[in-house]
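K.L.:
Fold the following for me, if possible:
(chains A, B, C, D, E and F, ligands or ions: 3)
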Amino acid sequence: MKKIECIIRPFKLDEVREALMEVGVQGMTVSEVRGFGRQRGHKEIYRGSEYTIEFVPKLKLEIVVNEDIVEEVIETVLKVASTGKIGDGKIFITPVEEVIRIRTGERGVTAI
Amino acid sequence: MKKIECIIRPFKLDEVREALMEVGVQGMTVSEVRGFGRQRGHKEIYRGSEYTIEFVPKLKLEIVVNEDIVEEVIETVLKVASTGKIGDGKIFITPVEEVIRIRTGERGVTAI
Amino acid sequence: MKKIECIIRPFKLDEVREALMEVGVQGMTVSEVRGFGRQRGHKEIYRGSEYTIEFVPKLKLEIVVNEDIVEEVIETVLKVASTGKIGDGKIFITPVEEVIRIRTGERGVTAI
Amino acid sequence: MFHFSGIWVRSLVLGVVLMVVVMFIIFPTVSYALDGTINEDYAAGKKGEEVDEAQYVADTIWVLFTAFLVFFMQAGFAMVEAGFTRAKNAVNILMKNLMDFSMGSVAYWAVGFAIMFGNGNGFMGLRGWFVNANTHVFNSLNWTSVPTLAAWMFQLVFAATAATIVSGTMAERTKFNCYLIYSVVITALIYPIVGHWIWGGGWLASLGMLDFAGSTVVHGTGGWLGLAGAIMLGPRLGKYGDDDKPRPIPGHNLPLAALGVFILWLGWFGFNPGSTMAADAPAIAHVAVTTNLAAAVGAIGAMLTTWALLKKPDVGMALNGALAGLVAITAPCAFVSPIGAVIIGALAGVLVVLAVFFFEKIHVDDPVGAISVHGVCGAFGTILLGLFHTEKGIFYALDKVAALKFLGVQILGVVSVFAWCVVTGLILFSILKATLMLRVSEEEEIEGLDFGEHGASAYPDFQVTAMR
Amino acid sequence: MFHFSGIWVRSLVLGVVLMVVVMFIIFPTVSYALDGTINEDYAAGKKGEEVDEAQYVADTIWVLFTAFLVFFMQAGFAMVEAGFTRAKNAVNILMKNLMDFSMGSVAYWAVGFAIMFGNGNGFMGLRGWFVNANTHVFNSLNWTSVPTLAAWMFQLVFAATAATIVSGTMAERTKFNCYLIYSVVITALIYPIVGHWIWGGGWLASLGMLDFAGSTVVHGTGGWLGLAGAIMLGPRLGKYGDDDKPRPIPGHNLPLAALGVFILWLGWFGFNPGSTMAADAPAIAHVAVTTNLAAAVGAIGAMLTTWALLKKPDVGMALNGALAGLVAITAPCAFVSPIGAVIIGALAGVLVVLAVFFFEKIHVDDPVGAISVHGVCGAFGTILLGLFHTEKGIFYALDKVAALKFLGVQILGVVSVFAWCVVTGLILFSILKATLMLRVSEEEEIEGLDFGEHGASAYPDFQVTAMR
Amino acid sequence: MFHFSGIWVRSLVLGVVLMVVVMFIIFPTVSYALDGTINEDYAAGKKGEEVDEAQYVADTIWVLFTAFLVFFMQAGFAMVEAGFTRAKNAVNILMKNLMDFSMGSVAYWAVGFAIMFGNGNGFMGLRGWFVNANTHVFNSLNWTSVPTLAAWMFQLVFAATAATIVSGTMAERTKFNCYLIYSVVITALIYPIVGHWIWGGGWLASLGMLDFAGSTVVHGTGGWLGLAGAIMLGPRLGKYGDDDKPRPIPGHNLPLAALGVFILWLGWFGFNPGSTMAADAPAIAHVAVTTNLAAAVGAIGAMLTTWALLKKPDVGMALNGALAGLVAITAPCAFVSPIGAVIIGALAGVLVVLAVFFFEKIHVDDPVGAISVHGVCGAFGTILLGLFHTEKGIFYALDKVAALKFLGVQILGVVSVFAWCVVTGLILFSILKATLMLRVSEEEEIEGLDFGEHGASAYPDFQVTAMR
Ligand SMILES: Nc1ncnc2c1ncn2[C@@H]1O[C@H](COP(=O)(O)OP(=O)(O)O)[C@@H](O)[C@H]1O
Ligand SMILES: Nc1ncnc2c1ncn2[C@@H]1O[C@H](COP(=O)(O)OP(=O)(O)O)[C@@H](O)[C@H]1O
Ligand SMILES: Nc1ncnc2c1ncn2[C@@H]1O[C@H](COP(=O)(O)OP(=O)(O)O)[C@@H](O)[C@H]1O
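P.N.:
Ligands and ions are numbered 1, 2, ... in the order given. As a prediction, the model looks like this:
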């Protein structure tokens, strides 16, 4: 099993979620994060002075899936979350050794 | 070493923390997340119109431990965090290659 | 490729970011978390009663890098984020199997 | 663009037609009976020639101005209570504060004012339903020159204050429908009867009890009804651990709570100086000063008490201390000297801290401290008037026997109102418990009343849209 | 420590010099022409001996006191609108509310008041620019005893209310520079002309139209201009899905919105009772009571309607219901009985819910419901005065033909104002659209107007410093 | 349920007993000495028959009403300061605003009022401790008809304003105990002495200096004391980078700050029109209008300045601009024409932006901009009165020499108050620094004063319970 971590632009969340549901993703966990990368933060004004906010608001999606659909998930996210402008975000694939469903104690793929 | 990621219901936090301390867990890191899964979000009303909130508030616990107590931690969380209703959450086990304590620079199991 | 997760004291963020940029880190993702560890939470007062807040505010930095600079990143964080007092935080190293840039679809090291 | 289901149009048309029909048939009769001649009130001031015209106008301006300040206390209570409770119950608190005033306005217009000030017996008034301003059935208000409707407006905001106090003690676990019912009963019945006893020419008034602006009438009533409610409900989930020790359940927004206290303090400049119900220049100045001094030292007293006990000055208690001083000075404000006000306020500030600890100890869970602030300090202030009244009080009076008697009457008044409120409160809440459960389910309490009762969230954008 | 670039010093010096020069040359002439003799107004009350001195003072106190309450409605609108919109647009809303009052103050001083109350023809006033208080060109205000400047102060806060209503319907997508321009045009021109028709001795006043405190003059104008604006702008991104169904876009802070409604309710005690522009004791008491009752039942009506339709009592709608009751009673408040007020308020409470659904259906996106509250309920209240006026209304009048004629005039007035506002609004917004785009870019709308228009963030510390 | 440790009961009983004993022994003597005859003040108005009764009543209503509005400015300052500072210091700011008013009430009652208005010499008053309303020792207030206690109430809220301004400039790093001490010293001593000079018949009054409502007396004093404080404290951690350039430290809640400014604007309608201390109809109308216009153009001026300099209209500065206009017009409001007010306000709006930059440059860290708003614009308005006074000002006066002399006196007054405040401020803060450190530890500053000073958190539910 793999964990697919996607850093995306916040306003893309609904679209990504809907597209992923269509390829069979059953669950995911989302958190609000701040990103730093090639996309620079922007200048804001506060009581007459400018300052730079280095971090940009992003969402992190954590999706644990079986190996077989990893590629499909990646393709889907790439298609839906991309705008072509700097700052679209990244996808990281990491290994997951075990999944357990708390409610039932089930383990492995059936627990996803 | 392993990282045990638990997605749990927010109001279970204190119980889980206390139970984990008893089995010897020394530390953990918690973040507020939004979950999407079999447990559907609920309908809310705003100025006379209903809408569905797809994501449910959850907490994510990240607990890095030595291999030897992984099973014990899992059992503890299963016992304490389960209510038997859909939405109790998941546990994901992922490998951790190295742990370093920032204060001392110690590495490995002693740094946990 | 590796993911370097650093749990640090919030007010160290700017310093750490600047130091990491100097060693060539191009991006990172930050989230607000609550930590539990040797550093105990503190007592607060609310309408005349004391209570203990068990969790301490921390920041989690996730930095995905190529293997070759992992050590350098660790050293940098150790140097900048350490105050020598309990609660400075941890660094966890975990494996990353693939990185994809959403904007271009690039994969691997060039996508970082 | 106009694809539009007919249901709204139809229901609108139907509604209008129905209304018009009903109006033509029922309305004129009822309306004439109730207030058909109201316009004649315009021709002449209520008291005709007897009263100096300029004074009559000044009195009315003053009473309405202060009534509006007291109305604004609704916002103050809403902010204090929302600030001192959890985010997941904030909508519920706001809704309760909005609706108790709204329902209360109707109830006090239809019934409450008649029971409180209408001619009747020593127990309650029996005339003046729907406040027909032209019937002369409010003899107990003859002492004020202002139009009956101005008096009603001023008294309404007092009634609403009594009702809204209860919402604080019963916060975070009471069903919304029960809340609506009991707040109507309070404004229509329980509070006006107390009011009649003391302000409407009832039996306590006859005995000579004094409560200038309502330490007991308003705040006592609210506080003790809240006590009954808190007892019947039991503490919130998580308030007491397995060790039976109270655990604080922190509110979610202290800046809002502080704003609320400032608004309440402002409102009290209507509450007390307005209770002259006349623009009596030296009196209103005096009352404003005693009110302000008591509030100030109340805040100082509570702050110092927490500083001594907890090693840090606690903001929540300092805020409650200001309110405690205000509540305690409400009965005595016109009768005591500034130095009397300072002493009363300071003691109230200390007392409120002890009272909060006391109620926590005995497992009465009062999320915002309203029982201590309004009940305890209200009683305290009413009784202390027996000591500090600059003519009749024990510390001043030359005839110490009369002074002791006066003190006795004050205590009797406090005890009677306590008994009346706790008993009627327990009965009322028992009925609600038996019929409608009174308290929300455990699940709903965990998830928050905002969702359970209103399907809402106080900060909805932070949940959904912030992610868009 | 004082390494200091000379630019500030130089610009300061330059500014001062410039100012002094300009002053000495231009100022005295202009100033004397405009208000050189103003100080004489101090010597004698505007109306000289004719008016009772005490009454004159009382009237002025009353008008200023109520004007200040109405001023405070600016805070109420700011909180309601900020609360009911998203966090990312909060600074923009606040800035709009601040600036429409600021710009409006200048515009209504220079131009608006003259057009509204200056002597002129049936369509508009033509004298009294810059409100020179010593010229006698405001005949339409002769009925009130207060100094001209007090009248101006009171009327200004009304004009600003009309302007600020529009900011609600056009929230979250309008360019800030366009907002500034159209709010000046509204306060200087569009609103004063409506005001002249009905309050300034214009053609509707001649026909006998009654609008005591401005259900139509103020709220109708604001609401219908907002309608024109919302139509020209189109709905916010994401308001309508592919299925064309409206999707709620929840606001970010209901406690703020509730605070705003309480402030507005308070302000209405200035708005309606102050519109006597005289301390007429029975009248102001009566108006306070009808105003309060209508607000109360408006909230109840809207709450019950949502409870019936959605199974839960909705806080957003209950808040809007209180405002709906207030808007609807604004025209009739002095002319109807309390029971009339209760009926008008209750119906407005129901109506506002239906109206909100209606506008959502027809793709008019009004983030805070201002069109329904101010436009629809304003019209509704103005027309219902034709039924409930206790002398001229159909339900009361003995001469039913005259009553029908009166009702007709009320309807005519509502329709005329609607037409005037929609037409001028569409023209104004079309010009702004053609020249300045009117609406922000899609990208800016997603990112939020706070950043796009002001480079700001409403809660900046939560973003940056909270991480330090 | 009643397992209850006896400590509370015992301490309660003990407290009561102690109190009663103390009362019986000490109280009557002290009390009679201080205010035993106060009640006679009720029989007759302060000035007996000389004054028209109706006017006397109207004056008192007006003074109290405006005093209450000014009191509400405490809420405004609390919201502005809390909004413009970081979440981690919000409780501390709220507590400071609550306690400076509370402590100040006592200090100004015991000492301050006597020093300011009591009979004495040109430097300070020396009679009237504890404001015994029956002694005739306040000759400098003879011009107003209102009861002494009404005058005290009105003057108290002014004193509290001066004190509370300082809390803004010293925010986010001052120890709470030091704050308490210096705010008492300010209200009891430093401010009343300035007040005596200008309003209490002191030396500047004798020279003919005019400051109608306190641009210099109140705002200047607050601002310049704040300057002394900010200098003694040094900038907040992180305010200046290694490059010595100022870095903004954004506040945490702009909607609160905006609400605060609206409340302050409302309060100013008490501050300025109330300073007539009489219901003088044309004067209060005139003052309301000049006040409002100056505020409006102040906001516009500051907005346009930031728009020009930064390419975007900045909300924080626009809010400060409104306050700048209000502060600047406070001295001249009764003496200048509307057009004069517009010019003064507009210049103040520009000036405040430049002043903020200036103080940032010279390393004076003023978190909310209070030195610029209150100090600089207060001085500016006082001096400009020398130009725009419609009788004595240089632009109007026929006798230009007298006008120049008048301008000179204004400048002298401003400079003297500046010197007095900076010198006494530096002494006071030096003593506090030497004895109590004045500033919190670096660690505490990073963690936030809310925790360090009060063990509290402004939004505690978001930290703990939101996780339950
Ligand atoms: N090395 C990295 N490790 C972790 N997160 C990263 C890394 N680089 C980028 N990110 C995340 O991805 C986001 C987008 O990256 P950025 O470089 O701005 O644009 P792009 O991916 O389009 O080149 C960043 O805001 C950050 O959250
Ligand atoms: N595939 C997944 N990847 C990541 N997180 C998941 C996944 N599936 C579920 N979750 C998380 O677990 C939570 C509970 O899952 P859910 O399906 O609702 O209930 P249950 O685990 O009891 O079957 C979700 O809210 C989500 O946060
Ligand atoms: N076993 C663990 N798993 C995950 N996070 C941990 C663990 N132990 C500590 N942490 C994180 O590291 C932070 C610092 O740890 P702590 O024990 O307080 O201090 P130190 O690392 O200096 O010994 C904690 O607040 C928590 O967020």
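
K.L.:
okay, CA-based contacts and neighbour counts for the rest of this
P.N.:
OK.

K.L.:
Could you say which helix or strand holds residue D:381?
P.N.:
Assignment of secondary structure by DSSP states H and E places residue D:381 within helix D:377-388.

K.L.:
now the angle from the following helix or strand past that helix to helix D:377-388?
P.N.:
Using DSSP H and E, the helix or strand that follows helix D:377-388 in sequence is helix D:400-436. Interaxial angle of helix D:400-436 relative to helix D:377-388 (axes from the mean of the first three to the mean of the last three C-alpha atoms, to 10 degrees): 170 degrees.

K.L.:
Could you confirm whether the following helix or strand past helix D:400-436 reaches chain E?
P.N.:
Using DSSP H and E, the helix or strand that follows helix D:400-436 in sequence is helix D:442-447. No. Against chain E, helix D:442-447 shows no contacts by C-alpha under 8 Å from any C-alpha of the partner chain, the least distance being 14.1 Å.

K.L.:
Give me the neighbour count for residue D:136.
P.N.:
If you count neighbours by other C-alpha atoms under 10 Å in any protein chain shown, residue D:136 ends up with 14.

K.L.:
Give me the phi and psi for it.
P.N.:
Residue D:136 adopts backbone torsions of phi -100, psi 70, taken as degrees, to the nearest 10.

K.L.:
Pull the contacting residues for it.
P.N.:
Contacts for residue D:136 (C-alpha atoms under 8 Å, 6 or more residues apart in numbering or on different chains) come out as none.

K.L.:
So what's the residue count around residue D:281?
P.N.:
Residue D:281 - counted by other C-alpha under 10 Å - has 26 other residues nearby.

K.L.:
cool, and residue A:13?
P.N.:
Burial measure for residue A:13: 18 neighbouring residues, criterion other C-alpha under 10 Å.

K.L.:
Then the one 10 residues further on?
P.N.:
For residue A:23, the tally of surrounding residues (other C-alpha under 10 Å) stands at 12.

K.L.:
picking up where we left off before, other SSEs contacting the helix holding residue D:381?
P.N.:
Helices and strands touching helix D:377-388, by 3 or more C-alpha pairs under 8 Å, 6 or more residues apart in numbering or on different chains; DSSP states H and E, are helix D:315-330, helix D:338-361, helix D:400-436.

K.L.:
Check the secondary structure at residue A:99 for me.
P.N.:
Look at residue A:99: counting by DSSP: H, G, I helix; E, B strand; the rest coil, its state is strand.

K.L.:
tell me which parts of chain A are close to chain D?
P.N.:
A:10, A:11, A:12, A:13, A:14, A:32, A:59.

K.L.:
Of those residues, which belong to strands?
P.N.:
Cross-referencing the residues of chain A next to chain D against strands under DSSP state E gives A:32, A:59.

K.L.:
mind giving me CSV with the residues of chain A next to chain D and columns for pLDDT and distance to ligand 3?
P.N.:
Below are the residues of chain A next to chain D laid out as CSV (pLDDT from 0 to 100; distance: C-alpha to the nearest ligand atom, whole Å):
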residue, pLDDT, distance to ligand 3
A:10, 90, 26
A:11, 89, 29
A:12, 92, 30
A:13, 92, 28
A:14, 90, 31
A:32, 90, 17
A:59, 94, 21
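
K.L.:
Any stretches of chain D with poor pLDDT?
P.N.:
Chain D contains residues with pLDDT under 70 at D:1-51, D:462-468.

K.L.:
If we use 80, what do you get?
P.N.:
Scanning chain D for pLDDT under 80 picks out D:1-51, D:133, D:461-468.

K.L.:
next one: the helix holding residue D:381 to chain centre, how far?
P.N.:
Mean-position distance between helix D:377-388 and its chain equals 18 Å (C-alpha atoms, centre = their mean, to the nearest Å).

K.L.:
Check stretch D:424-433 too.
P.N.:
19 Å.

K.L.:
Give me whichever of the helices and strands packed on helix D:377-388 is most buried.
P.N.:
helix D:315-330 (a mean of 34; mean count of other C-alpha atoms under 10 Å in any protein chain shown).

K.L.:
now for it, which elements pack on it?
P.N.:
If contacts are counted by 3+ C-alpha pairs under 8 Å, 6+ apart, helix D:315-330 sits against helix D:254-271, helix D:281-310, helix D:338-361, helix D:377-388, helix F:90-107.

K.L.:
out of the ones you listed, which comes closest to residue F:259?
P.N.:
Minimum separation from residue F:259 across those (C-alpha to C-alpha) falls at helix D:254-271, 10.4 Å.

K.L.:
Show me what the closest one is packed against.
P.N.:
Using 3+ C-alpha pairs under 8 Å, 6+ apart: helix D:254-271 touches helix D:53-83, helix D:281-310, helix D:315-330, helix F:53-83, helix F:90-107.

K.L.:
Show me where the stretch 101-250 of chain D has its helices.
P.N.:
For the stretch 101-250 of chain D, helices defined by DSSP state H, counting those that start in this stretch occupy the ranges D:113-117, D:148-169, D:176-185, D:191-199, D:203-207, D:221-233.

K.L.:
just to revisit the earlier point, distance to residue E:126 added to the helices and strands packed on helix D:254-271, as JSON lines?
P.N.:
Listed next are those as JSON lines, based on distance: least, C-alpha to C-alpha, whole Å:
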{"stretch": "helix D:53-83", "distance to residue E:126": "35"}
{"stretch": "helix D:281-310", "distance to residue E:126": "44"}
{"stretch": "helix D:315-330", "distance to residue E:126": "53"}
{"stretch": "helix F:53-83", "distance to residue E:126": "35"}
{"stretch": "helix F:90-107", "distance to residue E:126": "49"}
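
K.L.:
Which of these sits closest to residue F:135?
P.N.:
Closest to residue F:135 of the helices and strands packed on helix D:254-271, according to C-alpha to C-alpha: helix D:281-310, at 15.0 Å.

K.L.:
Enumerate the positions of the closest one that are buried.
P.N.:
Buried positions in helix D:281-310, judged by neighbour count with 16 or more other C-alpha atoms under 10 Å in any protein chain shown: D:281-306, D:310.

K.L.:
ditto for stretch D:52-63
P.N.:
Of the residues in stretch D:52-63, those buried (16+ other C-alpha under 10 Å) are D:53, D:54, D:55, D:56, D:57, D:58, D:59, D:60, D:61, D:62, D:63.

K.L.:
show me the contacts for the closest residue to chain C within the stretch 351-468 of chain D.
P.N.:
Closest contact between the stretch 351-468 of chain D and chain C, by C-alpha to the nearest C-alpha, is at residue D:353 (7.3 Å). Shown in contact with residue D:353 (C-alpha under 8 Å, 6+ apart): C:48, D:302, D:305, D:306, D:317, D:321.

K.L.:
ok, so of these, who is nearest ligand 2?
P.N.:
Distance to ligand 2 across these (C-alpha to the nearest ligand atom) is lowest for residue C:48, with 37.1 Å.

K.L.:
Test my guess that that closest one contacts residue D:305.
P.N.:
No. With contacts counted by C-alpha atoms under 8 Å, residue C:48 stays clear of residue D:305, the gap being 9.4 Å.

K.L.:
Just confirm yes or no for stretch D:92-100 near chain E.
P.N.:
Yes. Contact of stretch D:92-100 with chain E (C-alpha under 8 Å from any C-alpha) involves D:94, D:95, D:98, D:99.

K.L.:
Pick out the most distant pair among these.
P.N.:
Farthest pair in these, by C-alpha to C-alpha: D:94 and D:99, 8.6 Å.
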